[in-house]
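In: here are the coordinates; sequence isn't available:
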């Protein structure tokens, strides 16, 4: 069964203190790994898609990397506005060429000035 | 601008009452999904639909029902058979193909009173 586990559950950083969030996955053939950002009371907002081991994507202070078993979301010199829950998900195929996303429980990031 | 609209933002249900959550998209996406989010848990799939007049149960469909009478709309009814309906409900849409993620709505928070 496809599964996604995120760690840590919660992370508190000082402004400027770089760190990484982990997403480990078990799938029968990766068809895409997704990172989303979710603010309290809102829907998830798409950040990155990674498809193959060794791939990297960057957006402002965020950088996502992928290996065969896990993905990391690196946050460089974070600011308070980076505070949010970060969700990781993997593609699981459905009939008809569509897919469903299987999500981890998320990492709650709090960045303090 | 294209997007997904969920309404209402907050909904209160009395014991034994059915309630319907609205989801409308103007992205011309074929597939639509309903997820439930509970604190400390990943998003869990309730129902999905790949084409009009067709829908399939997800992982936690008991106590829920849906319809897909037109491409743009995918309402979710939470019935009295759902014993623990208090949660954050998210609607999403996506395109055909294994490599695409979803676009999410802003969510509906349902509370039993």
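Out: Thanks, I have it. Since we're looking at a predicted model, the values are computed, not measured.

In: partner residues bridging the residue positioned nearest the centre of chain B?
Out: Nearest to the mean C-alpha position of chain B, by C-alpha atoms, centre = their mean, lies residue B:34 at 2.9 Å. Per DSSP bridges, the residues bridged to residue B:34 are residue B:47, residue B:91.

In: for stretch B:11-22, how far is the first residue from the last?
Out: 11 Å (C-alpha to C-alpha, to the nearest Å).

In: Could you check it and say which residues are buried?
Out: B:11, B:13, B:19, B:21 (16 or more other C-beta atoms under 10 Å in any protein chain shown). Any C-beta I mention is one placed from the backbone N, CA and C, and that applies to glycine too.

In: Might one say that the first one is in contact with residue B:112?
Out: In this case it means residue B:11. No. Between residue B:11 and residue B:112 there is no contact under C-beta atoms under 8 Å: 10.0 Å.

In: Lowest pLDDT pick from the buried residues of stretch B:11-22?
Out: pLDDT is lowest at residue B:13 among the buried residues of stretch B:11-22; the value there is 89.

In: how close does the nearest residue to residue B:35 once chain neighbours are set aside get to residue B:89?
Out: Residue nearest to residue B:35 in three dimensions, not counting chain neighbours: residue B:43, with 4.2 Å by C-beta to C-beta, 6 or more residues apart in numbering or on different chains. In this view, residue B:43 and residue B:89 are 10 Å apart by C-beta to C-beta, to the nearest Å.

In: isn't the residue nearest to the centre of chain B right next to residue B:87, touching?
Out: No. With contact defined as C-beta under 8 Å, residue B:34 does not reach residue B:87; the gap is 11.2 Å.

In: picking up where we left off before, dump the buried residues of stretch B:11-22 into a markdown table; add distance to chain A as well.
Out: Shown next, in a markdown table, are the buried residues of stretch B:11-22 (distance: C-beta to the nearest C-beta, whole Å):
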| residue | distance to chain A |
| --- | --- |
| B:11 | 14 |
| B:13 | 18 |
| B:19 | 19 |
| B:21 | 13 |
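
In: Now the element after the biggest strand by length in chain A, going C-ward?
Out: With secondary structure taken from DSSP state E, chain A has its longest strand at strand A:84-93. Following strand A:84-93 in sequence order, the next helix or strand is strand A:99-103 (DSSP states H and E).

In: Partner strands of that next one, with direction?
Out: In the sheet, strand A:99-103 lines up against strand A:84-93 (antiparallel) (DSSP bridges).

In: Buried residues in the partner strand, which are they?
Out: A:84, A:85, A:86, A:87, A:88, A:89, A:90, A:91, A:92.
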